[in-house]
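[1] here you go, sequence then predicted model.
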Amino acid sequence: MNRGQKDDLRKLVEGDIFFDEPMGRYTSFGIGGSADVLIFPREVSELIEIISYLRYEQVPCFVLGKGSNLLVKDGGIRGAVISLIRFFRRIKQAGENKDCAMIEAQAGISLTELIDYCLKRGVMGLEFASGIPGSLGGGLMMNAGSFGGELGQVVKRVTIINGEGKIREKERNELSFSYRKLHLSKDAIILSALLELKTGAANKMAHKVKNLLVERRLKQPLKYKSGGSVFKNPPGFFAGKIIDETGLKGLKMGDAMVSDHHANFIVNLGEAKAGDVILLMERVQREVYERKGIKLEPEIKVIGE
């Protein structure tokens, strides 16, 4: 990105803008080189202007959620990173009848905040997402789920901006969800979603959320920074169990380690580099394939250079 483009973006952006920003500050791994520019737009109209400018200038653009399932390479990101988590956080109840409650939320709200909002209003259906550290937008893009539930199961409608800067609404029957993926065009940015949930007893919901959070704390290595589950579960198997049976718990590359608590987590012991994590991922994939004949597919997204 050249100086002229940076000057233009300073004039366009009313929200927050940072140049040569270390991405380790914005990922749960705490790892990553610098992005040329990181932008937090305030309003939809501003976002549209930014997208249009980047497209005209042929500047690559990546949309960042809370960075909870993301590994940024040590060379950083050439181009622009846009994040909605600072200013696109509005949420409202959009309707309710005897059994159904509609919740409309912007993409930047965290799943934790969204669940808290629902709990206070006796709205059920998102308990499965308790403890998932991502944003709603990021969670939708990867069809985040746990404990038998997925976000794709509760989506009524998604509002996006396409690569031409135009706003589009996609109803549930126009959306294609699969395991850990929402199939949208590469340049689409999720603005908000309408969720179809259920009414219920607040105390029952709070009890369920509490139990799921306890279970998550017992199962996952929350003592260290990580990117969550590293590999997708192969059909009929659990990735963590396979890696454990292969004897790879505790394996290290630099300051990155296959967790000795849950084998499908790679943790940052303090000073890990993205290169350490990538080498460790490749080693795990190779060992599992050689010993089990199973190809592990990454769940975390790896970007940058």
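    Everything's here; your move. Note that the structure is a prediction, hence the values are computed from the model and not measured.
[2] so what touches the longest strand seen in the chain?
    Looking across the chain with DSSP state E, the single longest strand is strand 189-199. Strand 189-199 has contacts (C-beta atoms under 8 Å, 6 or more residues apart in numbering) with 44, 47, 51, 63, 82, 84, 88, 94, 96, 98-107, 118, 122-126, 136-137, 140-141, 154-161, 167, 184. Where you see a C-beta, it was placed from the backbone N, CA and C, and this is true even at glycine.
[3] for it, what is the average pLDDT?
    Across strand 189-199, pLDDT averages out at 96.
[4] after it, which helix or strand is next? Please name it.
    Sequence-wise, the next helix or strand downstream of strand 189-199 (DSSP states H and E) is helix 202-219.
[5] other SSEs contacting the one helix or strand in the chain whose mean pLDDT sits lowest?
    The weakest-scoring helix or strand in the chain, judged by mean pLDDT, DSSP states H and E, is helix 202-219 (a mean of 85). Counting contacts by 3 or more C-beta pairs under 8 Å, 6 or more residues apart in numbering; DSSP states H and E, the secondary-structure elements packed against helix 202-219 are helix 111-120.
[6] mean confidence for the helix it packs on?
    Predicted confidence along helix 111-120 averages 94 (mean pLDDT).
[7] next: stretch 128-141.
    For stretch 128-141, mean pLDDT is 94.
[8] chain center to it, what's the gap?
    6 Å (C-alpha atoms, centre = their mean, to the nearest Å).
[9] ok, now stretch 271-282?
    On the basis of C-alpha atoms, centre = their mean, stretch 271-282 sits 20 Å off its chain's mean C-alpha point.
[10] hmm, who's touching that stretch?
    Taking C-beta under 8 Å, 6+ apart as the rule, stretch 271-282 contacts 29, 31-33, 71-74, 227, 230-231, 251-258, 266, 268, 298, 302, 304.
[11] and the angle for the longest strand of the chain with helix 202-219?
    On the basis of axes from the mean of the first three to the mean of the last three C-alpha atoms, to 10 degrees, strand 189-199 is oriented at 120 degrees to helix 202-219.
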